[in-house]
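Colleague: The following comprises the amino acid sequence and a computationally predicted model.
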Amino acid sequence: MVNKNRLRRLRALNLKEFYQIIRDPSSILISVVLPMILLFIYGFGVSLDIDHLRIGLVLEDTAPDAQSFAKSLTDSRFFDVQIARDRRAFDQDIVRGSIRGIVIVPSYFSAFRRRSISEGQNSFGKLPSQIAPIQVIADGSETNTASFVQNYVRGAFQNWLLQEAISSNLEGLNLVNLQPRYWYNEQLESRNFLIPGSLAIIMTLIGTLLTALVVAREWERGTMEAMMSTPVGIVELLVGKLIPYFILGLCSMALCVTVSVFFYDVPFRGSYLLLLLVSSVFLFTALGLGLLISTLSKNQFVAAQVSMVTAFLPAFILSGFIFEISSMPLPIQILTYFLPARYFVSALQTLFLVGNVWELIKIDLLLMLLIGLVFFTITARKTVKRLD
């Protein structure tokens with residue numbers, strides 16, 4: 001009889017939450033509209049691919065060799081090139097940030113190359129004592145972009161040397177045809193690993209806000225006090241709050257995955273059943289954090305602010321979604337081990353780009369489950385049936 005009464009009360013609580021979801025447009029906004037907005041921002045607004053870098057090209061040498069190298073830069077998809085005869089023409093542009101670097105082809109460029117060929121060398125810079133006759137000045141205010149400018153120009157210069165060597169039909173030249181192959185992200189598109197990571201950030205925010213705001217609203221309106229006066233137990237109350245928003249969160253996750261795969265063309269190489277398991281465990285953790293926040297704050301505004309500080313911002317910055325964890329200071333690296341989003345990002349990127357690597361995913365699952373149990377244990381201890 002006791003078990004039947006508990007099941008009856010739990011079913012009534014679940015129906016009450018489902019009706020509240022249907023009648024409350026904010027739940028639909030959080031679970032459907034907000035994910036689509038965030039996914040659109042992350043899909044189109046966040047990218048680590050750098051194409052069409054604006055650079056200035058100073059041609060002090062107008063000989064055919066210099067013109068050929070200039071064409072190799074202007075034809076590259078990585079550069080938007082402005083050409084001038086004097087480097088002073090770009091001084092103000094690089095100060096303003098309208099260009100990210102300056103490539104200088106000096107007046108002795110062609111003479112240097114002819115001397116190298118006459119001495120029997122097949123390319124610039126082949127000997128340790130020899131320096132390539134070009135200068136690259138990069139805007140160091142953005143260190144990553146400066147590195148890209150230098151590396152891209154170096155690559156363009158190497159390709160041009162190889163093409164010139166082939167066209168010149170130099171004797172004794174041993175050419176190696178390199179065909180690079182990349183695993184897991186063959187197109188080298190940052191979108192393919194950013195979007196799976198963004199799903200973890202989105203579900204962190206949604207899962208936390210869904211329970212934090214709704215339960216805090218009930219404390220503000222007094223409906224929670226009404227439930228406290230009923231025979232409903234603490235565990236029944238927590239489970240009754242969890243199940244409806246757990247299902248709503250899974251529906252939101254399914255919508256995000258569908259958009260990622262079929263709209264953004266992100267490859268998915270894993271199992272959808274394993275994805276369901278990973279998402280369920282993470283939602284259990286995120287909803288548990290939301291319940292804990294609402295229990296401690298009992299105010300919608302405070303709950304929203306605490307959710308942003310304790311869930312969204314740490315997940316965005318410290319989960320490895322954009323910033324490499326290995327490059328962080330050691331104390332911050334240790335802190336990331338306590339963030340469930342770190343393990344969810346890793347599991348999603350593995351499922352999307354690699355496949356069902358159970359050896360990696362099971363560790364993420366166990367750690368997320370452990371953190372979720374901690375959240376629910378603290379919530380159960382802090383939730384008491386009294387009104388003071």
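Modeller: Looks like it came in fine. Numbering: from 1, shown residues only.
Colleague: Domain map for this protein?
Modeller: Here the chain is described, according to automatic domain parsing, as comprising the domains 2-47+189-382, 53-168.
Colleague: in the stretch 1-150 of the chain, what spans have low per-residue confidence?
Modeller: Counting by pLDDT under 70, the stretch 1-150 of the chain contains low-confidence ranges at 1-3, 49, 113-132.
Colleague: so where do the helices sit in it?
Modeller: 2-23, 25-28, 34-40, 64-74, 91-96, 109-118, 143-168 (DSSP state H, counting those that start in this stretch).
Colleague: got CSV for those, with mean neighbour count and distance to residue 298 too?
Modeller: Any C-beta I mention is one placed from the backbone N, CA and C, and that applies to glycine too. Shown next, in CSV, are the helices of the stretch 1-150 of the chain (neighbours: other C-beta atoms under 10 Å; distance: least, C-beta to C-beta, whole Å):
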stretch, mean neighbour count, distance to residue 298
helix 2-23, 13, 17
helix 25-28, 14, 18
helix 34-40, 16, 23
helix 64-74, 16, 62
helix 91-96, 13, 52
helix 109-118, 16, 73
helix 143-168, 15, 44
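Colleague: Just to check, residue 208 is in contact with residue 311?
Modeller: Yes: here residue 208 lies in contact with residue 311, judged by C-beta atoms under 8 Å, at a distance of 4.2 Å.
Colleague: With neighbour numbers in mind, choose between the two.
Modeller: For residue 208 versus residue 311, the count of surrounding residues by other C-beta atoms under 10 Å is larger for residue 208: 30 against 25.
Colleague: Work out for me the element the more buried one sits within.
Modeller: With secondary structure defined by DSSP states H and E, residue 208 is part of helix 191-221.
Colleague: go on, residue 237?
Modeller: When the helices and strands are read off by DSSP H and E, the one containing residue 237 is helix 234-262.
Colleague: quick one: buried residues of that helix?
Modeller: For helix 234-262, the neighbour count (16 or more other C-beta atoms under 10 Å) marks 236-246, 248-250, 252-253, 256-257, 259-260 as buried.
Colleague: Would you indicate which residues of whichever helix or strand comes after that helix are buried?
Modeller: Read in the C-terminal direction, the helix or strand following helix 234-262 is helix 272-297, with elements assigned using DSSP H and E. Using 16+ other C-beta under 10 Å as the test for burial, helix 272-297 gives 274-275, 278-297.
Colleague: what's the average pLDDT for helix 272-297?
Modeller: Model confidence over helix 272-297 averages 89 on the pLDDT scale.
Colleague: and that helix with helix 234-262, angle?
Modeller: Between helix 272-297 and helix 234-262, the angle comes out at 130 degrees (axes from the mean of the first three to the mean of the last three C-alpha atoms, to 10 degrees).
Colleague: Could you name the helices and strands sitting against helix 272-297?
Modeller: The helices and strands touching helix 272-297, judged by 3 or more C-beta pairs under 8 Å, 6 or more residues apart in numbering; DSSP states H and E, are helix 191-221, helix 234-262, helix 300-307, helix 340-349, helix 358-382.
Colleague: and those as TSV, adding distance to residue 77 and mean pLDDT?
Modeller: Below are the helices and strands packed on helix 272-297 laid out as TSV (distance: least, C-beta to C-beta, whole Å; pLDDT from 0 to 100):
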stretch	distance to residue 77	mean pLDDT
helix 191-221	17	83
helix 234-262	25	85
helix 300-307	42	84
helix 340-349	26	92
helix 358-382	35	88
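Colleague: Cool, thanks, signing off.
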